[in-house]
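Asks: no sequence for this one, just the structure:
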């Protein structure tokens, strides 16, 4: 196992790598963010990864949802992503849950971290409520056009920061999806490995009219 994770072991040693085998996470959504998170975290050594999504692949998903390819239309996203994780790393066990977030919570599966890979505010509000009730941190991520947001929620409340609406996102650039998912994955992996993470700190990234990548940071009220 240590040969497989050699480059990670160089970062934090064998004991920390072994400790990841005892961790369990839930990724809510198996589409754009969820696909990229699966590739970023699916070969990291986390013991259990639960992929939660009731949706099926559509042709318009494939350009930004990198776990899927032409021919996957009408197949369950969660099952395809879990299969990809299991094939990439024999030291990680991925489980597919063909249900919405509420259905997953009814299964009473205890996890160490929840990662938001959804595309709507009401589900994120539900994740926040569940996380608070169970004293579990969660990682928020969202993408729209050429901008995105990331936050590791510990004590702050999502509903105190965002107005919960049914707003539908505008168009999305595929590379921005991967960028935000990568930031989410880094926060998740650092936390699970026991490294320092800036909590309750919202990062907002966007390309301005000059094509410059701008990062703004906001300390959230707790």
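Replies: Alright, I've got the coordinates. Computed from a predicted structure; not experimentally measured.
Asks: ok, the residue nearest to residue 14 when sequence neighbours are not counted - how many residues close by?
Replies: Computed as C-beta to C-beta, 6 or more residues apart in numbering, the closest residue to residue 14 that is not its neighbour in sequence is residue 2, at 5.8 Å. Quick note: C-beta positions are derived from backbone N, CA and C, even for glycine. Using other C-beta atoms under 10 Å as the criterion, residue 2 is surrounded by 11 other residues.
Asks: how near is residue 2 to residue 78?
Replies: Distance, residue 2 to residue 78, by C-beta to C-beta, to the nearest Å: 30 Å.
Asks: before we move on, what about residue 27?
Replies: As judged by C-beta to C-beta, residue 27 and residue 78 stand 9 Å apart.
Asks: before we move on, back to that, per-residue pLDDT, the residue nearest to residue 14?
Replies: With respect to pLDDT, residue 2 scores 92.
Asks: tell me the contacts of it?
Replies: Residues in contact with residue 2 (C-beta atoms under 8 Å, 6 or more residues apart in numbering) are 9, 14, 17.
Asks: and if you look at residue 85?
Replies: 38, 42-43, 49, 51, 92, 94.
Asks: Now for those residues, which sits with the most neighbours around it?
Replies: residue 51 (33 neighbours).
Asks: lowest average confidence, helix or strand, in this protein?
Replies: Lowest by mean pLDDT, DSSP states H and E among the helices and strands of the chain is helix 158-161, with a mean of 90.
Asks: quick one, what contacts residue 94?
Replies: By C-beta under 8 Å, 6+ apart, the contact list for residue 94 reads 38, 42, 48-51, 81-83, 85-86.
Asks: now, among those residues, which is nearest to residue 60?
Replies: residue 81 (17.5 Å; C-beta to C-beta).
Asks: hang on, the closest one packs against residue 35?
Replies: Yes. Using C-beta atoms under 8 Å, residue 81 is in contact with residue 35, at 6.3 Å.
Asks: Please tell me I have it right and residue 178 contacts residue 63.
Replies: No. Contact between residue 178 and residue 63 fails when scored by C-beta under 8 Å: they sit 11.7 Å apart.
Asks: pull the longest helix from the protein.
Replies: Longest helix in the chain by number of residues, with DSSP state H as the criterion: helix 174-192.
Asks: what's the burial count for the nearest residue to residue 72 once chain neighbours are set aside?
Replies: Spatial nearest neighbour of residue 72, chain neighbours left out: residue 57 (4.6 Å); criterion: C-beta to C-beta, 6+ apart. Residue 57 has 22 neighbours, counted by other C-beta under 10 Å.
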